[in-house]
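# Generate a structure from the sequence data that follows.
(one chain, ligands or ions: 2)
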Amino acid sequence: MVNYFQPVNQSIHGEIEVPGDKSISHRAVILASLAEGTSRIRHFLDGEDCMRTVEAFRSMGVSIIKNNNALIVKGGGYYSLKEPIKPLYFGNSGTTARLMIGVLASLPIFSTVYGDESLSTRPMKRVVNPLKEMNAHIIGRDTGNLLPLAIHGQRLQGIQYVMPVKSAQVKSAILLAALHADGPTHIIEQTPTRNHTENMLNAFGINVTKNGDQITVIPGQPLRATDINVPGDISSAAFFMVAAAIVPNSKITLKSIGLNETRSGIIDILIKMGASIQISNEKKLYGERIGDVTVCSQPLQSTIIEGEIIPRLIDEIPIIALLATQAEGTTIIRDAEELKIKETDRISAIVEVLQKLGANIEGTNDGMIIHGKTTLKGGQVSSYGDHRIAMMSVIASLMASDPIAIDDTDSIAISYPSFFADYKKLIS
Ligand SMILES: O=C(O)C1=C[C@@H](OP(=O)(O)O)[C@@H](O)[C@H](O)C1
Ligand SMILES: C=C(OP(=O)(O)O)C(=O)O
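Ligands and ions are numbered 1, 2, ... in the order given. Down below sits the predicted model:
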């Protein structure tokens, strides 16, 4: 259904608490399901993607009950999971797919897994290959690269693995598969990626060590049930951080946002481009830094975004591209070829949407070049069923001269079910 967004032509103000972090919510429910005992996960993101992970464990006999904003997970221990009698559906969620393949490959059960149209085109070889090196039995379309996959779980062997891609999902699949393998696993990661799996494993009592660029896990340590408080998702907050930075005279505060160094590239870029950012009430919970973030609009300048910062802001690139249309000068984004294999090819989707809205932007093989500053106009755009493209298009309407029609915004429920409630709160 096409939705119309009118130009707002007013500054945005207020304070919001965005939903729980998607990456951390997935990991919390996975480890709570594998642990023995009851874990409470507060501020769990009940977006569609994380619910796919919850449903997978429910199908394997884990009791997971929603209680207000918390999940109560009663795990029976790693080997108590039952063989699922139906195929496990992972919907649109790359994180569910990659991490669960790691878990399922190491359990003594048979499973089949599938996803929606988008997920069925995304490469799984990046996890299937290292898991096969660990002795996993996985088959599927395109010699095991594409869902559906069939997994004959069994006891695996530890490996030493040098990461060929910058992917936390791959690292996490290996770490999860390594928990009950024969022998230790060492992962060498030259460019750091988000480290929530390592932090969450530590919170559940597993000693994961990092020595330089090598991450090591020794198998056979018991997972101890625990209570987790999920920080606000910086990837969701980023949409409103950018809104406040580009709409003149705006000032907003986002409460209790996850500020883990491996995720906070968006804050570095906003500061580099000239936005005013203040962080207060900082604390650290099981390795995750959390704080309130206040953003005020300021004149913005272009920048270059490349190299090690890319994994620290990979999911924020759609909204960063919009930010760059409102900055003076030429912004270049490089080394972001991973964007092509997200929910859609995000390089072409971003370029197409912003070009239709009058931006001066061109796509490259591994990123994009944006010449600012441009006045955005209205128009009809497609989100390609990608939640982050849909949210970027809605935020663009705050700055556009005419209405923006978006073909479908339902996908926003994948990561940010209360997006429109927060949007209305800030513009009223
Ligand atoms: O591990 C995770 O939770 C995620 C890792 C990233 O993907 P890659 O591992 O493919 O880089 C990111 O884009 C995705 O939204 C979530
Ligand atoms: C890429 C994303 O998620 P996933 O890989 O889990 O589908 C995202 O949320 O932007």
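# Most proximal residue of the stretch 51-200 of the chain with respect to ligand 2?
Residue of the stretch 51-200 of the chain nearest ligand 2, by Cβ to the nearest ligand atom: residue 94 (2.6 Å). Just so you know, the C-beta spots here come from the backbone N, C-alpha and C atoms, and that holds for glycine as well.
# What about that residue? Give its phi and psi, please.
When quoted as degrees, to the nearest 10, the phi and psi of residue 94 stand at phi -60, psi -40.
# Please apply the same query to residue 128.
The phi/psi pair for residue 128 (degrees, to the nearest 10) reads phi -60, psi -40.
# just checking, it touches residue 138?
Yes: applying Cβ atoms under 8 Å, one finds residue 128 in contact with residue 138, separated by 5.1 Å.
# Any chance you could list residues touching both of these two?
Counting by Cβ atoms under 8 Å, 6 or more residues apart in numbering, the contacts common to residue 128 and residue 138 are 101, 144, 149.
# Please tell me which one of those counts the most neighbours.
residue 101 (27 neighbours; other Cβ atoms under 10 Å).
# still on that earlier bit, neighbour count winner among residue 128 and residue 138?
residue 128 (24 against 21).
# show me the contacts for that one.
101, 136, 138, 140, 144, 145, 149.
# Let me know the secondary structure of the third one.
It refers to residue 138. Look at residue 138: counting by DSSP: H, G, I helix; E, B strand; the rest coil, its state is strand.
# show me what contacts the residue lying closest to residue 360 once chain neighbours are set aside?
In this structure, residue 360 finds its nearest non-sequential neighbour in residue 371, 4.0 Å apart by Cβ to Cβ, 6 or more residues apart in numbering. Neighbouring residues of residue 371 by Cβ under 8 Å, 6+ apart: 329, 330, 360, 361.
# Next up, the contacts around the spatially closest residue to residue 306 that is not a sequence neighbour.
Closest residue to residue 306 apart from its sequence neighbours, by Cβ to Cβ, 6+ apart: residue 334 at 4.1 Å. Residues near residue 334 by Cβ under 8 Å, 6+ apart: 304, 305, 306, 307, 364, 366, 367.
# per-residue confidence for residue 334?
Model confidence at residue 334, given as pLDDT, is 98.
# Stretch 112-124: which residues count as buried?
Residues 112, 113, 114, 115, 116, 118, 119, 122, 124 are the ones in stretch 112-124 that count as buried (16 or more other Cβ atoms under 10 Å).
# distance between the ends of that stretch?
14 Å (Cα to Cα, to the nearest Å).
# same check, this time on stretch 162-181
The straight-line separation of the ends of stretch 162-181 (Cα to Cα) is 18 Å.
# returning to that earlier point: for PyMOL, what selects the buried ones among the contacts of residue 371?
For the buried members of these, the matching PyMOL selection, counting by 16+ other Cβ under 10 Å, is:
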select buried, resi 361
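# So which of the contacts of residue 371 is the closest to ligand 1?
Comparing these against ligand 1 with Cβ to the nearest ligand atom picks out residue 361 as the nearest, at 21.1 Å.
# For residue 419, see how far away that closest one is.
Distance, residue 361 to residue 419, by Cβ to Cβ, to the nearest Å: 24 Å.
# Phi and psi next, for residue 216.
With angles defined as degrees, to the nearest 10, residue 216 sits at phi -130, psi 140.
# Stretch 338-345 vs ligand 2: in contact?
Yes: using Cβ under 6 Å from any ligand atom, stretch 338-345 reaches ligand 2 at 342, 343.
# List the buried residues for that stretch?
For stretch 338-345, the buried set under the neighbour-count rule, 16+ other Cβ under 10 Å, comprises 338, 339, 341, 342, 343, 344, 345.
# still on that earlier bit, the buried residues of stretch 112-124 in helices, which ones?
Judged by DSSP state H, the buried residues of stretch 112-124 include no members of helices.
# just checking, residue 95 touches residue 26?
Yes: counting by Cβ under 8 Å, residue 26 is a contact partner of residue 95 at 5.0 Å.
# Neighbour count: the two, which is higher?
Between residue 95 and residue 26, counted using other Cβ under 10 Å, residue 26 has the larger neighbour count: 28 against 22.
# measure that one to residue 9 for me?
From residue 26 over to residue 9 (counting by Cβ to Cβ), the distance is 38 Å.
# ditto for residue 78
To residue 9, residue 78 is 56 Å away according to Cβ to Cβ.
# And these two? Which one has more around it.
Counted by other Cβ under 10 Å, residue 78 and residue 9 do not tie: residue 78 has more neighbours, with 18 against 10.
# on that earlier part again, list residues touching both of residue 95 and residue 26?
With contacts taken as Cβ under 8 Å, 6+ apart, residue 95 and residue 26 have 49, 53 as neighbours in common.
# related to what we said a few turns ago, closest one of the contacts of residue 128 to residue 54?
Nearest to residue 54 among the contacts of residue 128: residue 101, at 16.9 Å, using Cβ to Cβ.
# Let me see the contact set for that closest one.
Neighbouring residues of residue 101 by Cβ under 8 Å, 6+ apart: 113, 124, 127, 128, 131, 138, 149, 151, 173.
# My guess is the first one contacts residue 144. True?
No: taking contacts as Cβ under 8 Å, residue 113 lies outside contact range of residue 144: 11.9 Å.
# returning to that earlier point: skipping its backbone neighbours, what lies nearest the residue of the stretch 51-200 of the chain closest to ligand 2 in space?
residue 122 (5.7 Å).
# Can you say which helix or strand has the residue of the stretch 1-150 of the chain found nearest ligand 1 in it?
Residue of the stretch 1-150 of the chain nearest ligand 1, by Cβ to the nearest ligand atom: residue 23 (3.2 Å). Using DSSP states H and E, residue 23 falls within helix 22-34.
# ok, then the element right after that helix?
Moving toward the C-terminus from helix 22-34, the next helix or strand (DSSP H and E) is strand 36-42.
# buried ones in that next one?
The neighbour-count check on strand 36-42 (16+ other Cβ under 10 Å) flags 39, 40, 41 as buried.
# Now stretch 338-353 - C-alpha only, PDB.
The C-alpha trace of stretch 338-353 is given here as PDB (Å, rounded to 0.1, in the frame of the first residue of the first chain):
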ATOM      1  CA  GLU A 338      28.600  -5.600   1.700                       C
ATOM      2  CA  LEU A 339      25.600  -3.300   1.200                       C
ATOM      3  CA  LYS A 340      24.800  -5.200  -2.000                       C
ATOM      4  CA  ILE A 341      23.900  -8.300  -0.100                       C
ATOM      5  CA  LYS A 342      21.600  -6.900   2.600                       C
ATOM      6  CA  GLU A 343      17.800  -7.100   2.500                       C
ATOM      7  CA  THR A 344      18.100  -5.600  -1.000                       C
ATOM      8  CA  ASP A 345      21.100  -4.200  -3.000                       C
ATOM      9  CA  ARG A 346      21.300  -1.100  -0.800                       C
ATOM     10  CA  ILE A 347      23.700   0.800  -3.000                       C
ATOM     11  CA  SER A 348      21.300   0.800  -5.900                       C
ATOM     12  CA  ALA A 349      18.200   1.300  -3.700                       C
ATOM     13  CA  ILE A 350      19.700   4.300  -1.900                       C
ATOM     14  CA  VAL A 351      20.900   5.900  -5.100                       C
ATOM     15  CA  GLU A 352      17.600   5.300  -6.900                       C
ATOM     16  CA  VAL A 353      15.500   6.800  -4.000                       C
END
